[in-house]
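Trainee: just need the structure, nothing else, for what follows:
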Amino acid sequence: MGTVTKSSVPSGNRTPNRLVRNSILCLLAATLIASQSWAGGLGIPTSRAGLGFGNLKDFSGLRFNLVDRDVHQVNGLNVTLWIPKKNDYATYRGVSLNLVGAQGEQLDGLHAALIGLAGGDATGVCIGGIGIGADDMRGIGIGGIGIGAKKLEGVYVGGIGLGAGDVTGIAIGGIGVGCSDLDGLAMGLIGVGANDVNGIVVGGIGAGTHDLTGMGMGLIGVGAHNVKGLVIGGIGAGCHELTGVGIGGIGVGASRITGLAVGGAVGGEDLAGVTLALGYLKSDTFQGLGTGAYTNLKRSSGLTIGIFNRADVLHGVQIGLLNHAGNNPRGLQWLPGINAHF
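Mentor: Residues are numbered from 1 along each chain as shown. Predicted coordinates:
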């Protein structure tokens, strides 16, 4: 048996690898050569379409460049390696792959950069290794650290956080989400902050809004000025006016509540509806059904059930171990079991 030497091994298996390597080297060499001049480049078959190398400012096809500068419009597949210079008014349509960064006035299609993306308006899919910044974005966006924009429409995820003026769709921040107006869903591991919300906000620790129409949830708590819908706080929920349902592990507090409130303690100036407090219920004006170990109401209209029920002015029924109705005749103000005034 003869020995097989290295030189006798067929080289056919190595040929594809060599072809790929040589092709890549040729592309890089052509790009380097064409990019020596900022103002121009090499296009095959023309300087406006086909296969292009260098800073071709108006081009359609497959284009490679080290650094874009003063680009007008590129359609097709664009590959660049470094941060663009003075490229604020560029339009890219199609697919853009960028090693360090991308910048333009209009980005339409799929755009990805290892470091980050910056655009005036972006429509389609944008992926930034560190982050994305734009005026208006429509579609899908993923930022390794975060996303910042004036307006977002679609689905957007920021590794650490997300900040925007208006959001329509879904916004997710690894730590948090902050925006002015939200129509849709916003989630943050730490929290969510917004001005006006029509939809759902979920904060790992808490969520805070000015006006909320929909649902707000926070592991610690939820705070809002006006709420129409459902708020759930692991510890508590607080707002100025609540119309709907409020649930707090420790308590729920609001100036005015209309609907259902459930918590260890519930307090407000005006409560109307069903208020289920495990421990303490307090209100200046109460209408409906209320419970609590101690119900302390200045003016009560309806039914209260507790261990000790107190009302300065009662128009309804109290059921408990001891009940006090301040507007009853002197001998009937303090009664065990049940008290009433109609």
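Trainee: surely Leu81 touches Val100?
Mentor: Yes. Counting by CB atoms under 8 Å, a contact exists between Leu81 and Val100, whose distance comes to 6.8 Å. Backbone N, C-alpha and C define where each C-beta goes, glycine included.
Trainee: show me the contact partners of stretch 335-342.
Mentor: Outside of stretch 335-342, the residues that reach it under the criterion CB atoms under 8 Å, 6 or more residues apart in numbering are 309, 314-325, 327-328, 332.
Trainee: rewinding a little: who has more neighbours out of Leu81 and Val100?
Mentor: Looking at Leu81 and Val100 with other CB atoms under 10 Å, you find the greater number of neighbours at Leu81, namely 18 against 15.
Trainee: helices of the protein, residue ranges please.
Mentor: 15-34 (DSSP state H).
Trainee: so, low pLDDT: which residues of it?
Mentor: For the chain, applying pLDDT under 70 flags the ranges 1-39.
Trainee: center of it, which residue is that?
Mentor: Centre of the chain computed as the mean C-alpha position; nearest residue by CA atoms, centre = their mean is Ala171, 2.8 Å away.
Trainee: gap between that residue and Cys239?
Mentor: Spatial separation of Ala171 from Cys239 under the definition CB to CB, to the nearest Å is 22 Å.
Trainee: one more: Asn198?
Mentor: Distance, Asn198 to Cys239, by CB to CB: 16 Å.
Trainee: so for those two, which sits in the more crowded spot?
Mentor: More neighbours surround Cys239 than the other of Asn198 and Cys239, with 26 against 15 (other CB under 10 Å).
Trainee: can you pull the contacts of the nearest residue to the more buried one once chain neighbours are set aside?
Mentor: Among residues not flanking Cys239 along the chain, Ala224 sits closest, at 4.4 Å (CB to CB, 6 or more residues apart in numbering). Taking CB under 8 Å, 6+ apart as the definition of contact, the neighbours of Ala224 are Gly208, Thr209, His210, Asp211, Leu212, Gly216, Val231, Gly238, Cys239, His240.
Trainee: report the two of those residues separated the most.
Mentor: With distance counted by CB to CB, no two of the contacts of Ala224 lie farther apart than Asp211 and Gly238, which are 14.7 Å apart.
Trainee: so for the two, which sits in the more crowded spot?
Mentor: Neighbours per residue, other CB under 10 Å: of Asp211 and Gly238, the larger number sits with Gly238, 22 against 17.
Trainee: so what's the more buried one bridging to?
Mentor: The residues paired with Gly238 through beta bridges, assigned by DSSP bridges, are Gly223, Gly253.
Trainee: if we can go back for a sec, any idea how far Ser255 is from the residue nearest to Cys239?
Mentor: According to CB to CB, Ala224 and Ser255 sit 12 Å apart.
Trainee: what touches both of these two?
Mentor: Any residue near both Ala224 and Ser255 by CB under 8 Å, 6+ apart counts here, and that gives Cys239, His240.
Trainee: ok, and the most crowded of the contacts of stretch 335-342?
Mentor: Counting neighbours by other CB under 10 Å, the one among the contacts of stretch 335-342 with the most is Asn309, which has 31 neighbours.
Trainee: just to check, it is in contact with Gly320?
Mentor: Yes. Asn309 lies in contact with Gly320 (CB under 8 Å); the separation is 4.6 Å.
Trainee: tell me, what's touching the two both at once?
Mentor: With contacts taken as CB under 8 Å, 6+ apart, the residues that reach both Asn309 and Gly320 are Thr295.
Trainee: so Ala325 makes contact with Gln318?
Mentor: Yes. With contact taken as CB under 8 Å, Ala325 and Gln318 are classed as touching, separated by 6.7 Å.
Trainee: so what sits against both of the two?
Mentor: Shared contacts of Ala325 and Gln318 (CB under 8 Å, 6+ apart): Ala311, Asn339, Ala340.
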